[in-house]
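Peer 1: what follows is a predicted protein model with its sequence.
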Amino acid sequence: MFAEIKVFPEAMIREGTMPFEAETGRSPLKTKPGNATLNRAFLVKKDDFYTQYDDIAKEMSQHQDQFNGKVVLCNCDDPYESAFFRFFVSNFEKFGLAKLISTCYAGSSLAGKECPLKESTTAYKAVVTDTPDIPLTRPDGSLDIEALLALEGNSFTYLAGDGDFRSEECKNLLQEADIVATNPPFSLFREFINQLEQYKKQFVILGNMNAATYKEVFPLFRDNRVWYGESIRSGDRKFHVPNDYPLNAANCGVDELGRRFIRVKGVRWFTNLESKERKGSIELTRNYTPDAYPSYENYDAIEVGRTQDIPYDYDGVMGVPITFLDKYNPRQFQIVMLANGNARTNVPAETLAEVNYRPHTDDRGGVGIVNGRRSYARILIRRKTL
């Protein structure tokens, strides 16, 4: 569940003016006290976006054997609405799960639409340890939750708090889990992935591909602790939205079942689960010449404008596009650093010294400069000897 993906200034995030990408498992951004109630209601109403079942199935199938015997936590997912919950229930035996836990956020605009809650702001969790032999999927694609929860060992209970993934109650559930699979809020993506790292959890989660450049996230890519999933490479993804969501953009619509949707660009899976496809190396066919690969004025590195143009015969440091991460094989390349506008403050001094970073006289930040002109943000890499 995502709001329309854009790159927002940090100031907007701090002030609480950035659109909130909320599924049903987290609190909205902190806002100015006088507007808190209004902002909360507006943001939750606008941003309950639901991931497509097929998108989930394609990615999870890449890691099927790694789910065997594991406890899976979907901690941003209303079990009555989430395709994550429906997928893992439908494939509980096939994937060999030990347990499935799903929690929702109390402020979801869809909370209580399907289940009889005491009040619409109540958060709850569903726990599944067994599934029946008979199909649970109804003609409209929803699950027969009542039949599922009637099995011994399964349960549906209210949470004491609001279901925010940062609450102690939800962190206790996180400690119990082996793998987290969900669609966290983009606005809280840093906190969400940092929490997963803190608790040393395996995960497969959706996010904005630009999150790879965050100072909290890029080191995970650099150190081979997180990578993009294989099933989404480019293009946009379709997400369902509540019936009162305004369809006033070209990428919105209503599907054949009458459900409203919006298409979102730049969506990627972030994971630390392995897949067979990640083992492949980039085929290098270009040879190095100084004219084709100019050197940066402020780094001891050359500019490579496209990943497919990485030369096979250059052993020094190279600046490649962010999209390099789609093809990155840690056995073939070493990631040195991210050369962007914040490089001077986000990159260790010893790494800057390693690439001989020289601040430009007109203070252009840490992006590479070629022939007096700023380049785009680049990942500095070097080839390894295979």
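Peer 2: Received it, and whenever you're ready, just let me know what you need. Numbering: from 1, shown residues only.
Peer 1: for the rest of this, base every contact and every neighbour count on C-alpha atoms.
Peer 2: Noted.
Peer 1: do a quick rundown of the helices in the stretch 51-200 of the chain.
Peer 2: When assigned using DSSP state H, counting those that start in this stretch, the helices of the stretch 51-200 of the chain occupy the ranges 53-60, 83-90, 145-149, 168-176, 189-198.
Peer 1: what pLDDT, on average, does the fourth one get?
Peer 2: Spelled out, it's helix 168-176. Average pLDDT, helix 168-176: 97.
Peer 1: same thing with the second one?
Peer 2: Predicted confidence along helix 83-90 averages 95 (mean pLDDT).
Peer 1: report the beta-bridge partners for Thr271.
Peer 2: Per DSSP bridges, the residues bridged to Thr271 are Val204, Trp227.
Peer 1: I figured it hits Val226, correct?
Peer 2: Yes. Between Thr271 and Val226 there is a contact under CA atoms under 8 Å: 5.5 Å.
Peer 1: these two: who's more crowded?
Peer 2: Val226 (23 against 20; other CA atoms under 10 Å).
Peer 1: quick check: closest non-adjacent residue to that one.
Peer 2: Closest residue in space to Val226, ignoring its immediate chain neighbours: Asn272 at 4.7 Å, by CA to CA, 6 or more residues apart in numbering.
Peer 1: any idea how far Arg358 is from that neighbour?
Peer 2: 34 Å (CA to CA, to the nearest Å).
Peer 1: same deal with Ile205?
Peer 2: Ile205 sits 37 Å away from Arg358, going by CA to CA.
Peer 1: the two: who's more crowded?
Peer 2: More neighbours surround Ile205 than the other of Ile205 and Arg358, with 23 against 13 (other CA under 10 Å).
Peer 1: tell me which residues touch the more buried one, please.
Peer 2: Val180, Ala181, Thr182, Asn183, Pro184, Trp269, Phe270, Thr271 (CA atoms under 8 Å, 6 or more residues apart in numbering).
Peer 1: in a markdown table: those residues, plus distance to Tyr328 and pLDDT.
Peer 2: Formatted as a markdown table, the contacts of Ile205 follow (distance: CA to CA, whole Å; pLDDT from 0 to 100):
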| residue | distance to Tyr328 | pLDDT |
| --- | --- | --- |
| Val180 | 23 | 98 |
| Ala181 | 23 | 98 |
| Thr182 | 24 | 95 |
| Asn183 | 24 | 90 |
| Pro184 | 24 | 90 |
| Trp269 | 15 | 94 |
| Phe270 | 14 | 96 |
| Thr271 | 14 | 97 |
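Peer 1: export these as a markdown table, with columns for distance to Met209.
Peer 2: Below are the contacts of Ile205 laid out as a markdown table (distance: CA to CA, whole Å):
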| residue | distance to Met209 |
| --- | --- |
| Val180 | 19 |
| Ala181 | 17 |
| Thr182 | 16 |
| Asn183 | 13 |
| Pro184 | 13 |
| Trp269 | 8 |
| Phe270 | 9 |
| Thr271 | 12 |
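Peer 1: inside strands: which ones of these?
Peer 2: Here DSSP state E is the test, and the contacts of Ile205 give Val180, Ala181, Thr182, Trp269, Phe270, Thr271 as lying in strands.
Peer 1: contacting residues around the fifth one?
Peer 2: Right, the one you point to is Phe270. Contact analysis of Phe270 by CA under 8 Å, 6+ apart lists Phe203, Val204, Ile205, Leu206, Gly207, Val226, Trp227, Tyr228, Gly229.
Peer 1: now it. Nearest residue, chain neighbours left out?
Peer 2: With sequence-adjacent residues excluded and distances taken as CA to CA, 6+ apart, Phe270 is closest to Tyr228, at 4.8 Å.
Peer 1: which two in the ones in strands among the contacts of Ile205 are spaced the farthest apart?
Peer 2: The two members of the ones in strands among the contacts of Ile205 with the most space between them (CA to CA) are Val180 and Trp269, at 12.4 Å.
Peer 1: wait, Thr129 sits on Gly96?
Peer 2: No. Look at Thr129 against Gly96 with CA under 8 Å: they stay out of range, at 10.6 Å.
Peer 1: higher neighbour count, these two?
Peer 2: More crowded of Thr129 and Gly96, by other CA under 10 Å: Thr129, with 19 against 16.
Peer 1: helix, strand or coil for the residue nearest to the spatial centre of the chain?
Peer 2: Nearest to the geometric centre of the chain sits Gly207, at 2.5 Å (CA atoms, centre = their mean). Following DSSP: H, G, I helix; E, B strand; the rest coil, Gly207 is assigned to strand.
Peer 1: that one against Thr182, yeah?
Peer 2: No. Between Gly207 and Thr182 there is no contact under CA under 8 Å: 9.8 Å.
Peer 1: who's in contact with stretch 229-238?
Peer 2: Under CA under 8 Å, 6+ apart, the answer for stretch 229-238 is 51-52, 55, 58-59, 62, 204, 261-271, 275, 277-278, 326.
Peer 1: start and end of that stretch, how far apart?
Peer 2: End-to-end distance of stretch 229-238 (CA to CA): 17 Å.
Peer 1: circling back: return the most buried member of the helices of the stretch 51-200 of the chain.
Peer 2: helix 83-90 (a mean of 23; mean count of other CA atoms under 10 Å).
Peer 1: right, I'll leave it there.
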